[in-house]
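J.: here is my input; please provide its structure:
(2 chains)
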Amino acid sequence: MNILYFLVGCSVLMALVFLGAFVWAYKTGQNDDTHTPGIRMLFDDEIADEKSEEDHFSS
Amino acid sequence: MEDQHKTITKAICYHCGEDLPKVKYQIEDKDFCCAGCLGVFKILSENNLCNYYAYNNNPGQQLKGESHLEYLDEPKIIAQLLDYKHENSSIITFYIPAIHCSSCIWLLEHLYKINPAIFSSRIDFLKKQVTISFNHDEISLRKLVETLDQIGYEPLISLQDVVKEHSNSIDKALVLKIAVAGFCMGNVMLFSFPEYFGLSGLEKQFQSMFGWLNLAFSIPAAFYCGKDYFTSALTSIKHKHINLDTPLALIIAVLFLRTVFEVVFSIGPGFADTLTGLVFLLLMGKWLKQRTYHHISFDRDYRSYFPIAVTTLQNGREKPVSINEINVGDRLWIRNSELVPADSILMKGDAWMDMSFVTGESEPMHKVLGEIIYAGGRQTGEAIELEVIKPVSQSYLTGLWNNEHYKNNSEKQNFNDSVAKYFSLSVFLIAFSATAYWLFQHDSHRAWSSFTAVIIVACPCVLALSTPFTLSAILSVFDKKGFYVKNTDAVEELAKCNTIIFDKTGTLTSSENAEIRFSGVLNKEESIIVASLMRNSVHPLSRHILKALNVDQFYSLTDYKEVVGKGLTAKIDNHHIYAGHLSMLPIGIQTDSETGVHIVIDRSYKGYFEIKQQWRLGLTQLVLKLQKFSLQVLSGDTDKDFWILKSIFSNSTKIRFRQSPHQKLSSVIELQHAGNRVMMLGDGLNDAGALKQSDFGIAITDNINNFTPGCDAILKGNSLNYLPNFIQLSKDGLKIIKISFAIAIAYNCIGIYYAVQGTLYPLVAAVLMPISTITIISFTTLATRWFARKNKLI
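T.: Just a heads-up that it's a prediction; the model follows:
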């Protein structure tokens, strides 16, 4: 049962790491704007310029 | 279906979605309503940015005409505006009111395609802000703003930008505290489970370890997360009155001390679970209370209405100067549609001041040389020269904000604070009498445990939670109906109002649905002549008239001349045509209306166009529903609408005209001194003082992005009719809070019954608190929804 001492220590440490990760993410402003990225990801990529298209056909 | 779609797209402008005039601009197979929209389309198609039109139909906005940006070349002003500057790159954040859809995001984040000197741009959609980083060696700030202007996204650069406020920092600290409290609570719960289920002999060895771990987690919960409660309690005790934070701080302290005591002396498991749970829930309630609308600013004042720079004349040369640096005696050069930033005297030129924001007067006023022009007026006409007689901060209008006698916020006491006093007193009374009883029985151990148990169990946690939960639920109901209230405290103020004051222009009338009316007769030929003339002007009035005339052909004209702010003149096939103000016309005219756009063709007077302000719909029913309140109308305008108002309002309603901003403010103060709680509805700067002074100030607007003065709530014009329902729901909200308080008392009585006997086991406390909390939260949420439905708000 003594292994529990080790396991409890591990779990607390893990939890602390997650808390630290949240604090870091929050302080660097990753939660400042939660709306725009959701729209931004829906934009299509630019249509590739015609040159590369031609290369593709010629080969 | 497809045909139908086609006809719809055909009839409106491809860029901005406005109805097309009979004669439209065309390029490729797309139609545009004006040269401006066409211009934007050209720029975008040249830069391969036509995806803009792919994401939404007609995403653009009509251009508003030119603006003077010379001030953006001044290094001092640039330095004030920039967020960051390093070697060759600069970063700046603009507020752009026109941002409204995904196309806007797409276009503004592809600015680098229009000008490669722009490195990148990022949008915050809800705040309508764009942050641009650019190479300031290759593109000047002025050029950057001009680029934005050209594509229809004009940034709003106001004096308030210079005084950037950082109000979000408090919010940030709170979220971190919630995170820490949640972390502590989760772990403490985990380590308390063995205790809840009972420990077998084998597990007993872990008991002290779990105890110490729990104690370790309670330290940050009590002293980092709960710090605010201690400081608030201390200050309130210093001021000799008790607020809700006082008993809360006491409970946190007692819980912590008892946990330390029990763990250190290995007496029991302590109350770490209750402590961390309590702190977490309290902070959640606080967060709900602080949550407000980031996309709407309630604390705007004259600074967001004033530009950041103005043109001055120094030795006969024009020089843009930051408004903060204007001194008495400076000469200002104010062009058409520019704002006078400081009280000054007219030195040169013909001044037609639009004072609608200052006085509420809807017609421009003519000022003669030597007359004083108050700050806030907007010139409509040729450029004028002024001499400043008062600094910006002490002007007539800005003085409204620096007025000393605004209500003191600390005087306002909400329901919670007034109840907290009695609540804490009775808890102390019970706790001390229980202790005294057990001491009398010579059982000091029980005396001590009953004292702490009573204080723990009688936690006003529910009281601290029911208010934010109820009121924030009400806020979100209001939000959906276009009524944006500043914060939860304001809802309580709304419920208490008994007097309502209306402003007239912009509040009871709507500027949005202005109707053009022509008094006189125009035959078809003459309509075409007038329309041909109007087509050449970008003045909003000309556009309105052009739209109203709706002709299908135009004549070409010669000798076209536009006198800014006065009118237009031109020659069409030997016809001389004049349109505009009376002083513009070649002949003297006797007419019943001095205002409006008068038309003269070949020296014969045809009549005049007039914009009729429309009354908002349903005003009579609104007044009928507000019978219980005492109503007043304070208008800055002339008394021309007296009889209309008289027919809408009942006889007991006081209606006053020609009210200056200061008179409006003093009427509010007068009513408040008479013991009334005043709600003020207004729209412009002229109501700003009264809005701020009133107990609940509502700014009415037809467009949420428009300027609104500082207030407690912003109401969309078309939701005005819901006002009685809003007030009723806020009253019901207070009722809900009181009922939930009664429920909390019932729970407390059960807890106290065990607590006074000194037999309260930590497990009971840990179970009782969440149960009562969950009851209260679900009760407030359901009750709010029920009342909202009853008031027809959802």
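J.: which element is the residue nearest to residue B:179 when sequence neighbours are not counted on?
T.: Nearest residue to residue B:179, sequence neighbours excluded (Cβ to Cβ, 6 or more residues apart in numbering or on different chains): residue A:22, at 5.5 Å. In this view, the C-beta of every residue, glycine as well, is placed from N, C-alpha and C. Using DSSP states H and E, the element containing residue A:22 is helix A:3-27.
J.: any buried residues in that helix, and which?
T.: Applying a neighbour-count criterion of 16 or more other Cβ atoms under 10 Å in any protein chain shown, one finds A:8, A:12, A:15, A:19, A:22 buried in helix A:3-27.
J.: stretch B:784-794 now?
T.: Result for stretch B:784-794 [16+ other Cβ under 10 Å]: buried residues B:784, B:787, B:788, B:791, B:793.
J.: need the residues that contact it.
T.: B:470, B:473-474, B:477-478, B:480-481, B:722, B:725-726, B:728-729, B:732-733, B:736 (Cβ atoms under 8 Å, 6 or more residues apart in numbering or on different chains).
J.: quick one: which of those residues is most hemmed in?
T.: Ranked by the number of neighbours (other Cβ atoms under 10 Å in any protein chain shown), these place residue B:470 first, at 29 neighbours.
J.: list just the nearest of the buried residues of helix A:3-27 to residue B:272.
T.: residue A:12 (14.1 Å; Cβ to Cβ).
J.: residue B:617 in helix, strand or coil?
T.: Here residue B:617 is recorded as coil under DSSP: H, G, I helix; E, B strand; the rest coil.
J.: contacting residues around the helix holding residue A:22?
T.: Contacts of helix A:3-27 (Cβ under 8 Å, 6+ apart): A:31, B:172, B:175-176, B:179-180, B:183, B:186-187, B:190-191, B:206, B:209, B:213.
J.: just stretch B:630-647 next, same as before
T.: B:359-362, B:498-505, B:508, B:615, B:623, B:649-650, B:652-661, B:663-664, B:667, B:676, B:686, B:690.
J.: repeat that with 6 Å
T.: B:359-361, B:499-502, B:504-505, B:653-657, B:659, B:664, B:686 (Cβ atoms under 6 Å, 6 or more residues apart in numbering or on different chains).
J.: again with stretch B:229-237
T.: By Cβ under 6 Å, 6+ apart, the surrounding residues in contact with stretch B:229-237 are B:243, B:245, B:246, B:248, B:249.
J.: mind putting those residues into CSV with distance to chain A?
T.: Shown next, in CSV, are those (distance: Cβ to the nearest Cβ, whole Å):
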residue, distance to chain A
B:243, 29
B:245, 25
B:246, 30
B:248, 24
B:249, 25
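J.: most neighbours, which of those residues?
T.: residue B:248 (26 neighbours).
J.: ok, that residue to residue B:496 distance?
T.: Residue B:248 is 25 Å from residue B:496, where distance means Cβ to Cβ, to the nearest Å.
J.: okay, now residue B:626: neighbour count?
T.: For residue B:626, using other Cβ under 10 Å, the count is 17.
J.: now it. Nearest residue, chain neighbours left out?
T.: residue B:724 (5.8 Å).
J.: can you tell me the SS state at the nearest residue to residue B:246 once chain neighbours are set aside?
T.: Using Cβ to Cβ, 6+ apart and skipping the chain neighbours, the partner closest in space to residue B:246 is residue B:233 (4.5 Å). Using three-state DSSP, the structure places residue B:233 in helix.
J.: low-confidence stretches in the stretch 101-250 of chain B?
T.: B:160-170, B:199-203 (pLDDT under 70).
J.: that one: strands as residue ranges?
T.: B:118-124, B:129-135 (DSSP state E, counting those that start in this stretch).
J.: identify, from the contacts of stretch B:229-237, the entry nearest to residue B:598.
T.: Using Cβ to Cβ, those come closest to residue B:598 at residue B:243, 64.3 Å.
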